[in-house]
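Enquirer: sequence plus the predicted model coming up.
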Amino acid sequence: MKVVACYSAKGGVGKTATAVNLAWWIAARGRTTLLIDLDPQGASSFYFRARPATKKWGRRMLEADNDILDAVQGSDYPNLDVLPAHKGFRNLDAALGNDRDRLSTVFEALEAQYDVLVLDCPPTMGPLAENIFNVADWVLTPVVPTTLAERAYEQLVAFFDDKGWKPKRLRPFFTMVQSRKTLHQDTMTRMRAQHPRFARSFVPHSRDVEYMGVKQAPLLSYDPRCPAALAYHAVFVEHCGKLIRSIA
C-alpha cells in the first residue's frame, strides 16, 4: 500500500482540490483508493458528499485500528472510498503528543483493502504533520508562486532536513498560477532553480477549480479537457505516475 499526502503549511493554496482530484485520478487507473480527510474543516469530505460516521469519531480514530474500516464510506466513483473528517480532528495534535508513529499503526488495518491512501492534510507543523511525514511515500505540495507561499515551502524543506527525512519524498508543484504576473513568473524561475524537484507542469488559476464546490465532484470527473484538469493530470503523471505504476 502506498500513501500520498497532500500537504502545505500554508492555507488557501489548493491543497484540498489537489487531494480530491488526485484520489479520483488514482482510482480511475484501477487502484483501490481511500481518501482520508484529516482536515477538521472537512472540505474534501464535502466534495465527495461524505459525512462523519459517529459523533465521537475524531479522537477515537487514533485508537481504532481495525475498527477504522467502520468509518469508511463509499463514493459515487469506482475504486474510491472516503474516510470523512470530523470536527474532533482539530485536537489530533494534542491527542498524539509525542507519538510520531501512531498513524502508521492505524493505517496498517487498511493495507488489505486499499492500494493507495490519499491524505488531505491540515496546514499544521505539529505532531500530526510529523505522523503524516513518517507514513507518506510522497508528499505532494502545492505552492502558489508568491512570497509567503515560497517562505512556507522553505520552512517545510528545513523541517524535513532537521528531522532527517529524505527530501526526495517532497513533490512540489505550482498552483493558482497567473502567468501574466511578473511576480509569479520570477518566483517560479527562482524556486525551480533552488529546488529541481518542482514539477515542470503547473496548475493555472482557474474558476473551473472553484466550481468544484458547486458540483461537489472532482474537476477531472466532469470536465477532464478543461485547462486546469489537463494541468492536474500532467502534474499527477509527473509526480505520482511512477509510484502508482509500482503497485502490483
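Expert: In hand now; what should we look at? Residues are numbered from 1 along each chain as shown.
Enquirer: which parts of the protein are strands?
Expert: 2-6, 33-37, 73-74, 80-83, 116-120, 138-143, 170-174 (DSSP state E).
Enquirer: among these, which is the most enclosed?
Expert: strand 33-37 (a mean of 28; mean count of other Cβ atoms under 10 Å). Every residue, glycine included, has its C-beta placed from N, CA and C.
Enquirer: list the contacts of it.
Expert: 19-20, 23, 26-27, 43-45, 48, 50, 72, 75, 79-85, 110, 113-120 (Cβ atoms under 8 Å, 6 or more residues apart in numbering).
Enquirer: mean pLDDT for the strands of the chain: which is lowest?
Expert: With a mean of 92, strand 73-74 has the lowest mean pLDDT of these.
Enquirer: which parts of stretch 10-17 are buried?
Expert: 10, 13, 14, 15, 16, 17 (16 or more other Cβ atoms under 10 Å).
Enquirer: typo on my end, stretch 240-248
Expert: By 16+ other Cβ under 10 Å, the buried positions in stretch 240-248 come out as 240, 243, 244.
Enquirer: who's in contact with that stretch?
Expert: Contacts of stretch 240-248 (Cβ under 8 Å, 6+ apart): 2, 4, 22, 26, 29, 31, 115, 116, 137, 138, 140, 171.
Enquirer: contacting residues for the closest residue to the second one other than its chain neighbours?
Expert: Put plainly, it is residue 4. Leaving aside its sequence neighbours, residue 4 sits nearest to residue 138 (Cβ to Cβ, 6 or more residues apart in numbering; 4.9 Å). Neighbour list for residue 138: 2, 3, 4, 5, 169, 171, 239, 240, 243 [criterion: Cβ under 8 Å, 6+ apart].
Enquirer: just residue 186 next, same as before
Expert: For residue 186, the contact set (Cβ under 8 Å, 6+ apart) is empty.
Enquirer: just put the contacts of stretch 240-248 in CSV and tack on distance to residue 218.
Expert: Below are those laid out as CSV (distance: Cβ to Cβ, whole Å):
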residue, distance to residue 218
2, 19
4, 15
22, 9
26, 11
29, 14
31, 15
115, 18
116, 15
137, 21
138, 19
140, 15
171, 19
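Enquirer: which of those sit farthest apart?
Expert: Pairwise distances across the contacts of stretch 240-248 peak at 18.3 Å for 115 and 171 (criterion: Cβ to Cβ).
Enquirer: cool, thanks, signing off.
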